[in-house]
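In: Sequence isn't available, so here's the structure alone:
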């Protein structure tokens, strides 16, 4: 009995809710109808002042076809025109609304002056009757009247078709409303069936709960096994990441050692050189490859035009010239991740300052020479303009340099390798290499050849010239 009572209460609550929804919908529809009715009355109230320009039947068609929003907007516009006594503008708004319905506006027919046409003109000499020629109808007037009648018939036909279309639309709306009502009833029946199924669902869930309690114990054990397996997988992943981090640290340490070794080798070659040696090497490289001088001038001009300063111009010039010889790579910036010992870093910093001074002097010497611009590569232009990133030391470049050195050493004759090549590091051998230019211009050519520069003409030894 308690279950039946609850069912009745729930069904009664559903019916009351549906009744409230229908009442609210009906009130909303009535309010809309009332506003539409007032809008139509308002629009028709303008016709007496516009009857000479607007056909009343077509105005009624507009009232029937427009919804609440369109009626209110049209009424506001017509009223605004009437307030400034613009009857032509107000009539034009209504005529435009008539055209929007696909109708052709009809100008109301003026009343014929029947008295004047029936009596004819009176005679000034006593009122003699009109002649037979005066009683004949005007052909042009009759033609216009026939055309007006034909237009009126056509408009009436279009109005009849429009009414038929609107009637069909209203019939379709009624059908849709009835269909919606049937759906509401069906939904109410569905809710009723849902309430009945709800009780059955409760009983079924109670049975399922008992079954689940039996399964939970087995699932608990399975979950523990899965958690143990997951912990093992996570531990394996942590071990893998730790091994990868160790390998990365070892690779970084190895790369740092190679970077330090590369700096020391290049410092050993650089420190015995004087500023005159550096200038001679740059001049020889620019003589052999005029595009280098053009690239230096372009880098300096670009930095000056952009207001970037001489430091930026020198950085770009160092990047352009770093392949002139092995020592010029000391002028490039250091990789951010690689840290040199303090002593080596100070030596590199000092060497970089000397190289930058040599490059600045070189740019000043070759500032007025305008050769080689047509031979500039895209890379040289990009570095000079600052659109490409400046190069830094890389492990790949180090390996390529070592490979090229081995290939060059294999290609040189045995005597040249044994006796002509200068020492590659500093110390006492470096001092001897520094004293070699005293022997003459041939030693200077060999020194330039060591750094990959082939002079176009023999030059006098700097120290010998002094």
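Out: Alright, I've got the coordinates. What you are looking at is a predicted structure, and each value in this text was computed from that prediction instead of being measured.

In: pLDDT averaged over the helix or strand encompassing residue 221 - what is it?
Out: Assigned by DSSP states H and E, residue 221 belongs to helix 139-270. In this model, helix 139-270 has a mean pLDDT of 84.

In: now the angle between helix 139-270 and the helix or strand hosting residue 398, please.
Out: Using DSSP H and E, residue 398 sits in helix 395-411. If you take axes from the mean of the first three to the mean of the last three Cα atoms, to 10 degrees, helix 395-411 sits at 60 degrees to helix 139-270.

In: just how off-centre is helix 395-411 within its chain?
Out: 46 Å (Cα atoms, centre = their mean, to the nearest Å).

In: And that helix, what's buried?
Out: For helix 395-411, burial by neighbour count (16 or more other Cβ atoms under 10 Å) applies to 397, 398, 401. Using the backbone N, CA and C atoms, a C-beta is placed for each residue, glycine as well.

In: Now do the contacts for the last one.
Out: When contacts are counted by Cβ atoms under 8 Å, 6 or more residues apart in numbering, residue 401 is found next to residue 326.

In: Look up how far residue 146 lies from it.
Out: Distance of residue 401 to residue 146, computed by Cβ to Cβ, to the nearest Å: 106 Å.

In: How much space separates the closest residue in space to residue 285 that isn't next to it in sequence from residue 349?
Out: Leaving aside its sequence neighbours, residue 285 sits nearest to residue 324 (Cβ to Cβ, 6 or more residues apart in numbering; 4.5 Å). Residue 324 sits 20 Å away from residue 349, going by Cβ to Cβ.

In: repeat for residue 228
Out: According to Cβ to Cβ, residue 228 stands 57 Å off from residue 349.

In: returning to that earlier point: include distance to residue 367 when you put the buried residues of helix 395-411 into JSON lines, please.
Out: What follows is the buried residues of helix 395-411, written out as JSON lines (distance: Cβ to Cβ, whole Å):
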{"residue": "397", "distance to residue 367": "30"}
{"residue": "398", "distance to residue 367": "34"}
{"residue": "401", "distance to residue 367": "31"}
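
In: returning to that earlier point: who are the packing partners of the helix holding residue 221?
Out: Counting contacts by 3 or more Cβ pairs under 8 Å, 6 or more residues apart in numbering; DSSP states H and E, helix 139-270 is packed against helix 2-44, helix 56-65, helix 342-365, helix 395-411.

In: ok, and which of those has the densest surroundings?
Out: helix 56-65 (a mean of 18; mean count of other Cβ atoms under 10 Å).

In: Determine the next helix or strand in the C-terminal direction from that one.
Out: Downstream of helix 56-65, the next assigned helix or strand under DSSP H and E is helix 68-83.

In: buried residues in that next one?
Out: Using 16+ other Cβ under 10 Å as the test for burial, helix 68-83 gives 68, 71, 72, 74, 75, 77, 78, 81.

In: so the fourth one sits right up against residue 96, yeah?
Out: No - applying Cβ atoms under 8 Å as the test, residue 74 and residue 96 come out as separate, 9.2 Å apart.

In: tell me the contacts of residue 334?
Out: 340, 348, 392, 393.

In: Can you list phi and psi of the most centrally placed residue in the chain for me?
Out: Nearest to the mean C-alpha position of the chain, by Cα atoms, centre = their mean, lies residue 387 at 23.5 Å. The phi/psi pair for residue 387 (degrees, to the nearest 10) reads phi -80, psi -20.
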